[in-house]
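# 3D, please:
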Amino acid sequence: MGVTGLWDVIRPASQQRSIVHLAVHDGFLSTKHGKRGYRIGIDASIWFFHAHSSREGENPELRMLFFRLARFLALPLLPLFVFDGPKRPKYKRNKKVMGAQHPLLPSFREMIKAFGFEYHQRGLANFGLKTAHALARAGLGDSLVRIFEYVSPEDMQDNRLPMAVQHALTEWRAEFRHYLSTDPDKLIGRKLKALANTFPEWFPPLEVLSAYVHPVTSESRGHVPEFHWPLQPSLKSLANCCELHYEWGVRPLIIKRFRTVIWPGAFMRVLRAAVMQGDEKEANMARRSGAMFTPTSGRRTVDMAVGTPSRLISRILSRMEIHSQRDDVDPFSDDYVPPTVDEPLAVKIHSERKHASTDHMLEYRLEIAPAQFVRITEEGLLHLRREDSIDVANFGRRQMLLPDEFGDLYEEEKEDDKKSKSEPNDHMRLWVPACMLEMVHPALVEEYEEKINAKLRREQEKIQ
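As a prediction, the model looks like this:
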């Protein structure tokens, strides 16, 4: 909402936590709503404001929004973006606001859908910051709202107030003047007698107060939205988005950029989907046995783990219905299409860590084979730009830094000699929360643990 000074007011009650730890422990491991993710609401207007600070290149504002969404994709987060509705007030904090929709809105909505996130359009409450803050600290804000709680918006707009409300409002103004002139709680820090003497009889303006007490929202207009977060990211739609909006929207650069920006998030979404499929499997077994089902929050057994098979990856990341080939198709006929044999997505765990940036949460350094990610992305390319129109080999040598929502810097592209020589299908390594991986690939975790234990045994034998 962009309320200046809000954090200064609520800081005494704040707790500092890593966004990764919050998303994993309070979202993915939580059994409150069964979504395996941490639900957050985001005021899209603030992102639009930040986007205008982005410079250089084609569509720099959309580029910043793209990379922020990519950061969310790499965490078990369930974002809900909230946009201003058509009934937003004409004035906000004594300033006239833009009546037309933001020019970035249509493209940003398509981008949100491509990432598999949700959005919603709502009304916007309107109330002056300084007045609201002063009334709240003095306790007079609550009393003002109670006076008008049962007055209809129409009566407030037309200034048709019942006598009892008019009398209560007169007493409220007198109490407010007394507070200004005496500062009984020492919250202001000084007595404002001059301000109390000039306090106007028309305050508060009823049209502004009406927007605060009776804000126009989807709920107030008879629509109560429900969000189940069924969407998943579409690598094809994301590739189309990049082709359309960015100067690097050609196949080699899209694949190269996706390798560092999108593949980590794509893998996390596949992991989440695999865990939820395992939850469904356990729920069906509990239902058949008449037992009560409680989602697993620890390591699954190998026979209950779903893994990350190719069929699951295609269903999650391409948004296409998978149809199996008929059994009666002659493998020697022209209609026969040999099935694609994909290398396993999760290959091997190499190491582990407990880093301060994640509140010392255990993570595994996992090697993955992104070949299926590459194939799904390439299938969605429309080739809207010619590859010979850009110097692919030298593009992106300059490092570009974009501010992200978590207070640090997000590297749009950081190349070294090793990465610049990597091929699209080359294996890559990611840091993955241990609690997520052990629910999907317990065999890999057990293999890694046995390797570590064997190493410790050898070291102990050397000491003896």
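# quick one: H25 from P76, how far?
Between H25 and P76 the distance is 10 Å, computed by Cβ to Cβ, to the nearest Å. Placement of C-beta: from N, CA and C, glycine included.
# Likewise for F28?
With the distance defined as Cβ to Cβ, F28 ends up 4 Å from P76.
# what do you get for A369?
Noted for A369: a distance of 22 Å to P76, by Cβ to Cβ.
# sorry, back to before: more crowded one of H25 and P76?
Neighbours were counted for H25 and for P76 using other Cβ atoms under 10 Å; P76 has more, 24 against 19.
# Tell me which residues touch that one, please.
Applying Cβ atoms under 8 Å, 6 or more residues apart in numbering to P76 gives the contacts A23, V24, G27, F28, R36, G37, Y38, M268, R272, M436.
# Which of those fall within strands?
The subset of the contacts of P76 located in strands under the criterion DSSP state E comprises Y38.
# quick check, nearest of the contacts of P76 to F117?
For F117, the closest of those turns out to be G37, at 10.7 Å, with distances computed as Cβ to Cβ.
# Spatially, which residue comes closest to the closest one, not counting chain neighbours?
Taking Cβ to Cβ, 6 or more residues apart in numbering, and ignoring the residues beside it in sequence, G37 has L78 as its nearest neighbour in space, at 4.1 Å.
# Then S18?
When the adjacent residues along the chain are set aside, S18 lies closest to D359, with 4.3 Å between them (Cβ to Cβ, 6+ apart).
# what's the answer for I147, then?
In space, I147 comes closest to A168 once its chain neighbours are excluded; the distance is 4.7 Å by Cβ to Cβ, 6+ apart.
# buried residues in the helix or strand in which the one you found is found?
Remark: A168 resides in helix 163-182, with elements defined by DSSP states H and E. Counting neighbours by 16 or more other Cβ atoms under 10 Å, one finds that the buried residues in helix 163-182 are V165, A168, L169, W172, R173, F176, R177, Y179, L180, S181.
# what's the answer for stretch 33-50, then?
Taking 16+ other Cβ under 10 Å as the neighbour-count basis, stretch 33-50 is seen to contain the buried residues K35, R36, G37, Y38, R39, I42, A44, S45, W47, F48, H50.
# Out of the residues you listed, flag the one nearest to R458.
Distance from R458 was checked for each of the buried residues of stretch 33-50 by Cβ to Cβ. The minimum falls on R36, at 38.6 Å.
# H383 versus that closest one, what's the distance?
36 Å.
# Count residues in the vicinity of E378, would you?
With neighbours defined by other Cβ under 10 Å, the count for E378 comes to 15.
# how close does it get to I390?
As for E378, its distance to I390 is 18 Å (criterion: Cβ to Cβ).
# related to what we said a few turns ago, pLDDT of the host helix or strand of the residue nearest to G37, averaged?
With elements delineated by DSSP H and E, L78 resides in strand 77-84, which encompasses its position. Per-residue pLDDT over strand 77-84 has a mean of 86.
# So what are the sheet partners of that strand and their directions?
Sheet pairing for strand 77-84, assigned by DSSP bridges, gives strand 38-43 (parallel), strand 118-122 (parallel).
# average pLDDT across the first one?
Here strand 38-43 scores 89 as its mean pLDDT.
# Downstream of it, the next helix or strand is which one?
As assigned by DSSP H and E, the chain's next helix or strand after strand 38-43 is helix 44-51.
# what's that following helix packed up against?
helix 60-73, strand 77-84, helix 105-114 (3 or more Cβ pairs under 8 Å, 6 or more residues apart in numbering; DSSP states H and E).
# redo that, cut-off 7 Å
Contacting helix 44-51 under the criterion 3 or more Cβ pairs under 7 Å, 6 or more residues apart in numbering; DSSP states H and E are the following elements: helix 60-73, strand 77-84.
# could I get these as a markdown table with mean neighbour count and distance to P230?
Compiled in a markdown table, these are given as follows (neighbours: other Cβ atoms under 10 Å; distance: least, Cβ to Cβ, whole Å):
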| stretch | mean neighbour count | distance to P230 |
| --- | --- | --- |
| helix 60-73 | 21 | 16 |
| strand 77-84 | 20 | 11 |
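# Mind putting these into TSV with distance to N425?
As requested, these are exported to TSV (distance: least, Cβ to Cβ, whole Å):
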stretch	distance to N425
helix 60-73	21
strand 77-84	28
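# Those: which one's closest to N240?
Ranking these by proximity to N240 (Cβ to Cβ) places helix 60-73 first, at 12.5 Å.
# tell me which strands and helices the closest one is in contact with?
With contacts defined as 3+ Cβ pairs under 7 Å, 6+ apart, helix 60-73 has these neighbours: helix 44-51, helix 105-114, helix 263-289, strand 409-413.
# With respect to R71, which of those lies nearest?
Checking the helices and strands packed on helix 60-73 against R71 by Cβ to Cβ gives strand 409-413 as the closest, at 6.1 Å.
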